[in-house]
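K.L.:
what would the 3D arrangement of this be:
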Amino acid sequence: MTENPALADLAPIVGEWDMELSSAEFLPDPQQTVRGRVVFSWIEGGALIAMRQGSDATWVIGRDEKSDEYTILYCDSRGISRVYQMTLEKRIWRIWRNNAEFSQRYEGHLSDDYKTITSHWEKSTDGGKTWNHDFDMTFTRG
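P.N.:
Here you go, the predicted structure:
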């Protein structure tokens, strides 16, 4: 495989990040902060990007060269698999999934120096009519 120029805009997120997840209703204590490590890496010689959250979840990110949106294939240790759409424009990172039973959307803001991403997830169980906060995430690197 060869490097995919359609993924060039994602180069600033490639690397290792410390992650903090907070304000999550699904945790036993919603005030708890969960910390972990996330790695974004080029795969297939730069044709795709993988995001790995330890051994818990894997995201594979790609893009049709004629599209402005990326596609994400997601799977995790619970046996969940999902397909998301994504954009990264002017340091604003958006991910979404529209499903009648469980929709999600994410918005992250990359700092000017590309060393911090401050973000949050929202969810909807009514086809996207009503959105509720799901959890916050912060990514940092040294």
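K.L.:
got the contact list for Tyr106?
P.N.:
Tyr106 makes contact with Trp93, Arg94, Ile95, Trp96, Ser119, His120, Trp121, Glu122 under the criterion C-beta atoms under 8 Å, 6 or more residues apart in numbering. Placement of C-beta: from N, CA and C, glycine included.
K.L.:
give the bridge partners for it, please.
P.N.:
Residues in a beta bridge with Tyr106, per DSSP bridges, are Ile95, Trp121.
K.L.:
for the chain, what spans make up the strands?
P.N.:
15-22, 34-43, 48-53, 57-63, 70-76, 81-89, 92-97, 103-110, 116-124, 132-140 (DSSP state E).
K.L.:
what mean pLDDT does the first one have?
P.N.:
Read that as strand 15-22. Averaging pLDDT along strand 15-22 yields 96.
K.L.:
roughly how far is that strand from the heart of the chain?
P.N.:
11 Å (C-alpha atoms, centre = their mean, to the nearest Å).
K.L.:
show me what that strand is packed up against.
P.N.:
Counting contacts by 3 or more C-beta pairs under 8 Å, 6 or more residues apart in numbering; DSSP states H and E, strand 15-22 packs against strand 34-43, strand 132-140.
K.L.:
redo those as JSON lines? Include mean pLDDT.
P.N.:
Below are the helices and strands packed on strand 15-22 laid out as JSON lines (pLDDT from 0 to 100):
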{"stretch": "strand 34-43", "mean pLDDT": "95"}
{"stretch": "strand 132-140", "mean pLDDT": "97"}
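K.L.:
many thanks, we can stop here.
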